[in-house]
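Fold the following and give me the result.
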Amino acid sequence: MPGSSAISARRSRAALQRPRVSDLRIRQAQASRPRGPLGLRRLLQPATDPSFQRATEGDRRALALGRELQQSSILSVRSIGRRLVRATGAVLQRKERRWRRAQTELETRPRRRSRAPSSVLLGLCVAILTVASGLGCQARNGDGSDAGVSCACAGIPACDAGTTGRCARHTDCESRACLPDGTCASVADVAYVEAAAPDTTSCTKATPCGHISTALTTGKLTIKLHGTIDENVTVDRGRIVTLLGDPGAALTQRTGGRPVVLATGTGTKLSIYDVTIADAGPSSIGVVMPSSSFPSVALVRVTIRNNPGGGISAAGGLLTIAQSSISSNLGGGITLLESSRFDIVDSVFFANGSLSSATGAITIAVDAVDGNRLEFNTFYDNIAQSGVGAAIQCSAGIFVARNNILYGNGTLASPQQIGGSCGHAYSIVLPGVLPAGPGNKAADPRLINPEAGDFHLGAGSPAIGASDPRSDLCGAAAIDFDGVPRAKPVAIGAFQPR
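Below you'll find the model as predicted:
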């Protein structure tokens, strides 16, 4: 019929100007049901159930369109992506506002720092040092337990258990730079970068420079950031540098086409603390580690948000992440490929991916090597193209991800939380197929208010005390997302119960 394609396009656009059907059903179920098995079954009812048939015609059109987009053999993935972007402007803006509020809740929530009783200070100090160095701790007793074992791993300096620390925040130091080990940096050892500052070559506290590239020319190992810095940051040729952020410090690259942060070169070590990497330009990725070399990147209390090309892409090197949030990256949260290695703990992944993206929260397709870790993380409301695990898509030999919460990811038409050949243990996975493995549960984790960015565990959560009893709590896993020390029995996910 003449004009039928135009009518179809208008109908498709109208149908897409609505929230995801999975979002709609979750909200309806939360508003109408008590928590518990009965309410959960109601949430997971199939589309043939009469209660679902009472959904509006617009909801059914949205579901039908989602299936069409996933199953079409005519449209390419790229054209699907362009179609979705054009058609969903209004709903994306609404979801962006919602997730920005959620992200603000995460970013502004106070986190405990190193001022702690001497009984837990040792674990906290070593945890920070472990993340910074990219090393893991495998200290064990002969019977495999860790009772009474210190986390002072070989090659990692341990703090004196009686130490109280010289600083807990940047304002405690004359240099305004509190280092990860709890000591104040010397003013002379820090290069200072401030948004919109003139590019002086000295980058001193009194006369900061305006770009990180200028600060790198000073040769100083510590760079202090203030404000939002708009540039492509490249750290290469074996440089060792630490970026420390003041509250609200951010990196962006709005012109697009290049990553916000590029780490390359064997021997390069980049550590970033308390910085947001966000709002990159068209097709840009937040952090890139290319395959041509083996750099080391550590991200601690970092926010990776709203980068169209994806949050992080690594094809080589060692990526260490702790106490960080990865959210609203249209191209997916993290993609790990080829020879890259990873240690990702205590972090939250939410609202990443799209119906055309090959990555939802995280895709792992790496060589099978020992030492990789994906543990004590929370995944919520991530999506990906059909056939891909919306939370975790993983192929890495016999690797096993442990102690993670995977909840509410995927869509109603494709509720696949996981994919690939990796194992999963002591994890909560709902909805979708529960993977084989010890300690896995298909249960509502009772997150307090995930829609508003509160991923803490509510009373009676099945995640409480349900992690692997042999979990390694040394290194970064010694504390949770908020900086609260972990003590056995430990909860599954990024947060310990309050």
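
ok, and the closest non-adjacent residue to Gly437?
Take Gly437 and drop its neighbours on the chain: the residue closest to it by C-beta to C-beta, 6 or more residues apart in numbering is Ala425, 4.3 Å away. (Glycine included, C-beta is placed from N, CA and C.)

Can you get me a residue count around the one you found?
Using other C-beta atoms under 10 Å, Ala425 has 19 other residues around it.

check contacts around Thr359.
Counting by C-beta atoms under 8 Å, 6 or more residues apart in numbering, Thr359 makes contact with Gly310, Gly331, Gly332, Gly333, Ile334, Thr335, Asn352, Gly353, Ala384, Val388, Gln393.

Which single one of the residues you listed is nearest to Val241?
Ile334 (21.9 Å; C-beta to C-beta).

That closest one bridge partners, please.
In this structure, Ile334 has beta-bridge partners Ile312, Ile362, where bridges are defined by DSSP bridges.

list the contacts for it?
Listed by C-beta under 8 Å, 6+ apart, the contact partners of Ile334 are 310-314, 319, 326, 344, 349, 359, 361-363.

Tell me, how many residues neighbour Val300?
By other C-beta under 10 Å, the burial measure for Val300, its neighbour count, is 21.

Roughly how far does it sit from Gln323?
Using C-beta to C-beta, to the nearest Å, one gets 6 Å for the distance from Val300 to Gln323.

next one: Leu434
Per C-beta to C-beta, Leu434 is found 28 Å from Gln323.

Specify which residue of these two has the higher count of neighbours.
Neighbour comparison, Leu434 and Gln323: the larger count goes to Gln323, with 24 against 17 (by other C-beta under 10 Å).

Just want the phi and psi numbers for that one.
The main-chain torsion angles of Gln323 are listed as degrees, to the nearest 10 and equal phi 50, psi 40.

which residues sit in contact with it?
Remark: with contacts taken as C-beta under 8 Å, 6+ apart, Gln323 is in contact with Arg111, Val300, Arg301, Asp346, Ser347, Ala476, Ile479, Asp480, Phe481, Asp482, Gly483.

most surrounded residue in the contacts of Thr359?
Each of these was scored for neighbours by other C-beta under 10 Å, and Asn352 scores highest at 33 neighbours.

which residue packs closest to that one, ignoring adjacent ones?
Beyond its immediate neighbours in the sequence, the residue positioned closest to Asn352 (C-beta to C-beta, 6+ apart) is Gly333, lying 3.9 Å away.

mind checking how far the one you found is from Ile362?
Taken as C-beta to C-beta, the spacing of Gly333 relative to Ile362 amounts to 5 Å.

Find residues that contact each of the two.
Taking C-beta under 8 Å, 6+ apart as the contact rule, Gly333 and Ile362 both touch Phe349.

that older thread, just the ones of the contacts of Thr359 in strands?
Among those, the ones falling in strands (DSSP state E) are Gly310, Ile334, Thr335, Gln393.

wait, what's in contact with the last one?
Contact analysis of Gln393 by C-beta under 8 Å, 6+ apart lists Thr359, Gly360, Ile362, Thr363, Ile364, Ala365, Ala384, Ile418, Gly419, Gly420.

Three-state assignment for the first one, please.
Reduced to three states with DSSP: H, G, I helix; E, B strand; the rest coil, the structure at Thr359 is coil.

So it versus Ile428, what's the distance?
On the measure of C-beta to C-beta, Thr359 and Ile428 end up 21 Å apart.

now do the fifth one
In this view, Ile364 and Ile428 are 19 Å apart by C-beta to C-beta.

Who has more neighbours out of the two?
Set side by side, Ile364 and Ile428 give different neighbour counts by other C-beta under 10 Å, the larger being at Ile428 (27 against 24).

And Ile212, its phi and psi?
According to degrees, to the nearest 10, the main-chain angles of Ile212 amount to phi -70, psi -30.

Give me the local confidence score for it.
According to the predicted model, the pLDDT of Ile212 comes to 97.

Identify the residues contacting it.
With contact taken as C-beta under 8 Å, 6+ apart, Ile212 is in contact with Val193, Ile223, Leu225, Ile229, Glu231, Val233, Leu243, Leu251.

hang on, the third one is in a strand, isn't it?
Meaning Leu225. Yes - secondary structure of Leu225, determined by three-state DSSP: located in a strand.

For it, give me the pLDDT.
Leu225 carries a pLDDT value of 98.

Does it touch Val241 like I think?
No - the pair Leu225 and Val241 fails to qualify as a contact (C-beta atoms under 8 Å) at a distance of 11.7 Å.

So for those two, which residue has more residues nearby?
Between Leu225 and Val241, counted using other C-beta under 10 Å, the more crowded position is Leu225 (26 against 21).

Identify the residues contacting that one.
Counting by C-beta under 8 Å, 6+ apart, the residues that Leu225 touches are Val193, Glu194, Ile212, Leu243, Leu244, Gly245, Asp246, Ala249, Leu251, Val275.

Looking at the residues you listed, which is nearest Ala185?
Comparing the contacts of Leu225 against Ala185 with C-beta to C-beta places Leu244 closest, at 8.3 Å.

Now do the SS call for the closest one.
Leu244 falls in the strand class when you classify it by three-state DSSP.

Name all residues that make contact with it.
The neighbours of Leu244, taking C-beta under 8 Å, 6+ apart as the test, are His170, Ala177, Cys178, Leu179, Thr222, Ile223, Lys224, Leu225, Tyr273, Asp274, Val275.
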